[in-house]
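Peer 1: Pasting the sequence and the predicted coordinates here, then a few questions.
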Amino acid sequence: MRETLSDKPQPLRQPTPHFAAAASDGDAAGSPRPGWAQTLLVYTEAPTLRMLLLGFSAGLPLLLVFGTLSFWLREAGIDRTTIGYLSWVGLAYGFKWVWAPLVDRLPIPLLTRLLGRRRSWLLLSQAVIMAALVGMALTDPKLALLPVVWCALAVAFASATQDIALDAFRIESAEVQRQAALAAAYQTGYRMAMIWAGAGVLWIAARAEVVNAAGVATYQHGAWQTAYLVMAASMLLGVVTVLFSPEPARRELPPARNAAEWLQSALVEPFADFLRRYGKHAVLILMLIAVYRISDVVMGIMANPFYVDMGYTKDEVATVTKIYGVIMTLVGAFLGGVLAMRLGVMRVLMLGAVLSAASNLLFAWLGSRGHDVQALVFVISADNLSSGIASAAFIAYLSSLTNINYSATQYALFSSMMLLLPKFLAGYSGVFVDAFGYANFFTVTALLGLPVLLLVWLASRMKMPSGP
């Protein structure tokens with residue numbers, strides 16, 4: 001490989017952020033599709049490899065304050081309704097557009113001078129994530145739930161900030177033709193981290209448990225403490241990657257003459273630019289973004305309580321997720337990236353929407369099987385495959401919508417909208433399960449995906465202006 005993770009970035013070519021590029025089959029401008037060999041070689045380039053590692057850093061915190069935390073809380077005796085409400089910690093990801101302009105423009109004293117705008121915010125957010133995870137590890141939710149909640153909020157806020165800086169870092173690190181590959185690499189690292197933060201935590205906690213005289217391991221805070229401390233240490237992979245990565249080529253912006261002008265350029269202009277470029281179609285685009293992942297996100301908060309209530313052990317869930325989940329996640333993310341480059345993003349968005357909704361129905365079927373490990377293997381494999389395909393295409397789609405002058409703020413707006421409504425609805429998931437049961441819950445979450453199919457179809461038929 002000619003490049004290393006510390007190579008200097010090449011000058012960036014301004015990508016054209018327009019809807020037609022996202023909605024086309026890849027040759028709207030008359031350019032030929034790349035051959036298979038050229039398509040696959042992009043995965044060996046330094047920016048792609050960096051995004052794999054940074055994707056791991058981005059994916060690690062999410063489950064630790066969402067799905068995995070729900071497993072921990074359920075085992076500690078916390079009721080499902082409370083667990084559902086606590087998932088609103090994840091709303092921090094839905095409001096990150098509020099402080100995204102600061103991450104986009106505001107320098108951090110000394111750190112920005114040493115590392116650059118993007119890397120300084122990445123490093124700061126990673127440090128806060130590590131500290132807050134240590135705080136969660138040192139607190140037993142069975143004895144004091146509130147400190148765990150506050151630490152989880154800190155993790156979510158810092159993780160959302162890392163996402164803002166990292167999305168801008170990714171978009172500014174390569175031209176638009178390579179964004180699908182970077183998205184696939186990012187998604188692969190992200191999903192691997194989620195498996196480590198899901199299956200890995202369960203495996204570590206199970207190994208750290210001490211069985212009683214009857215050979216049974218009851219709830220032990222020490223086991224979870226060990227697991228979360230390991231997760232905090234795992235963030236060092238992202239820290240090292242940031243330190244050895246080049247800062248993307250800096251785009252000089254006209255200096256603001258006063259505070260009002262700075263606020264206009266930092267807060268107002270990114271959103272005004274989006275509305276100018278997409279006009280009346282902006283509403284459709286935002287609607288699609290707001291609901292595309294609704295089936296997965298709403299279902300996700302109850303997945304681990306479901307495993308606990310169905311009698312699956314930490315070892316069983318960890319083993320199935322670690323082996324089959326990893327394989328199918330990597331296959332899904334790779335297929336999503338390749339298919340997006342070969343067939344066009346919108347076609348793969350439609351495929352991902354169908355698969356995501358259908359995989360939720362499999363969980364309803366799993367609930368009728370009782371304690372069936374083979375069925376668990378099949379369902380988790382199918383769910384991870386569909387999620388990998390959908391996520392890789394969706395990230396590439398969101399990236400194609402941004403103007404590089406406002407990459408952090410605009411992408412934060414898109415990814416925030418992607419999570420805001422689903423995470424709000426997920427807060428009531430425990431109440432729904434208590435009232436109607438798991439089977440009805442999983443079926444309803446699958447039906448939530450039907451409007452997504454219509455929106456993707458409408459978006460794919462729209463013709464948009466090709467210039468910013």
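Peer 2: Structure received.

Peer 1: shaky segments in this protein?
Peer 2: Scanning the chain for pLDDT under 70 picks out the ranges 1-44, 174-180, 212-217, 250-259, 262-263, 266-267, 322, 404, 407-408, 463-468.

Peer 1: tell me, what residue is most central in this structure?
Peer 2: In the chain, the residue lying closest to the centroid (CA atoms, centre = their mean) is G59, at 6.0 Å.

Peer 1: is it true that it touches Y190?
Peer 2: Yes: using CB atoms under 8 Å, G59 is in contact with Y190, at 3.5 Å. For the C-beta atoms, the positions are set from N, CA and C on the backbone; glycine is no exception.

Peer 1: Contacts only, for the residue nearest to A100 when sequence neighbours are not counted.
Peer 2: Leaving aside its chain neighbours, A100 sits nearest to A412 (3.4 Å; criterion: CB to CB, 6 or more residues apart in numbering). Taking CB atoms under 8 Å, 6 or more residues apart in numbering, we find A412 in contact with 96-97, 100, 103, 163-164, 167.

Peer 1: Among these, which one sits closest to W224?
Peer 2: D163 (25.3 Å; CB to CB).

Peer 1: Show me which residues of stretch 374-387 are buried.
Peer 2: 375-387 (16 or more other CB atoms under 10 Å).

Peer 1: contacts for it?
Peer 2: Under CB under 8 Å, 6+ apart, the answer for stretch 374-387 is 191, 296, 307, 312, 316-317, 320-321, 324-325, 327-329, 331-332, 352, 355-356, 358-359, 362-363, 365-366, 369.

Peer 1: hang on, isn't L413 packed against A100?
Peer 2: Yes: if you go by CB under 8 Å, L413 and A100 touch, sitting 7.1 Å apart.

Peer 1: Those two: which is more packed in?
Peer 2: Of the pair L413 and A100, A100 is the one with more neighbours under other CB atoms under 10 Å, namely 30 against 23.

Peer 1: Give me the distance between the more buried one and Q162.
Peer 2: In this view, A100 and Q162 are 12 Å apart by CB to CB, to the nearest Å.

Peer 1: swap in I289?
Peer 2: From I289 over to Q162 the distance is 20 Å, taken as CB to CB.

Peer 1: Compare the two (neighbour count), which wins?
Peer 2: Neighbour count, other CB under 10 Å: between I289 and Q162, Q162 has more, with 29 against 23.

Peer 1: so how far is the helix or strand containing R191 off the chain centroid?
Peer 2: Using DSSP states H and E, R191 falls within helix 179-195. Centre-to-centre, helix 179-195 and its host chain are 9 Å apart (CA atoms, centre = their mean, to the nearest Å).

Peer 1: try stretch 445-457
Peer 2: Taking the mean of its C-alpha atoms, stretch 445-457 sits 20 Å from the chain's own mean (CA atoms, centre = their mean).

Peer 1: Which residues are in contact with the residue nearest to the centre of the chain?
Peer 2: The contact partners of G59, by CB under 8 Å, 6+ apart, come to 189-194, 197.

Peer 1: switch to 6 Å and redo it
Peer 2: Counting by CB atoms under 6 Å, 6 or more residues apart in numbering, G59 touches 190, 193-194.

Peer 1: Would you mind putting these into TSV with neighbour count and distance to G337 alongside?
Peer 2: Formatted as TSV, the contacts of G59 follow (neighbours: other CB atoms under 10 Å; distance: CB to CB, whole Å):
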residue	neighbour count	distance to G337
Y190	28	13
A193	27	17
M194	27	17
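
Peer 1: Tell me the one of those residues nearest E45?
Peer 2: Using CB to CB, the contacts of G59 come closest to E45 at Y190, 18.5 Å.

Peer 1: Surely the closest one is in contact with L54?
Peer 2: No: the criterion here is CB atoms under 6 Å, and Y190 misses it with L54 at 9.2 Å.

Peer 1: list the residues that contact both of these two?
Peer 2: Residues touching both Y190 and L54 (CB under 6 Å, 6+ apart): none.

Peer 1: From V433, how far off is F442?
Peer 2: For F442, the distance to V433 - CB to CB - is 9 Å.

Peer 1: Also L420?
Peer 2: 22 Å.

Peer 1: Would you mind telling me which of the two has more residues around it?
Peer 2: V433 (23 against 19).

Peer 1: who's in contact with the more buried one?
Peer 2: Here V433 is in contact with 80, 302, 441 (criterion: CB under 6 Å, 6+ apart).

Peer 1: List phi and psi for the closest residue to V373 other than its chain neighbours.
Peer 2: Spatially, and ignoring its direct neighbours in sequence, V373 is nearest to E316 (5.9 Å; CB to CB, 6+ apart). Note on E316: its backbone torsions stand at phi -70, psi -50 [degrees, to the nearest 10].

Peer 1: With Y324 as the reference, measure out to E316.
Peer 2: According to CB to CB, E316 and Y324 sit 12 Å apart.

Peer 1: Please apply the same query to A154.
Peer 2: According to CB to CB, A154 and Y324 sit 33 Å apart.

Peer 1: How about R276?
Peer 2: Distance of R276 to Y324, given as CB to CB: 47 Å.

Peer 1: And these two? Which one has more around it.
Peer 2: Between R276 and Y324, counting by other CB under 10 Å, Y324 is the more crowded of the two (19 against 12).

Peer 1: What residues does that one make contact with?
Peer 2: 377, 380-381.

Peer 1: again, 8 Å this time
Peer 2: Applying CB under 8 Å, 6+ apart to Y324 gives the contacts 377, 380-381, 384.

Peer 1: for M328, same thing?
Peer 2: Counting by CB under 8 Å, 6+ apart, M328 makes contact with 380-382, 384-385, 388.

Peer 1: same deal with V297?
Peer 2: 419, 422-423, 426.

Peer 1: go on, A357?
Peer 2: 295, 446-450, 452.

Peer 1: Just the ones of those residues in helices?
Peer 2: 295, 446-447, 450, 452 (DSSP state H).

Peer 1: got a winner among the contacts of A412 for most neighbours?
Peer 2: A100 leads those on contacts (other CB under 10 Å) with 30 neighbours.

Peer 1: So that one sits against I164, correct?
Peer 2: Yes: using CB under 8 Å, A100 is in contact with I164, at 4.9 Å.

Peer 1: So what does S368 look like in phi/psi?
Peer 2: S368 adopts backbone torsions of phi -80, psi -10, taken as degrees, to the nearest 10.
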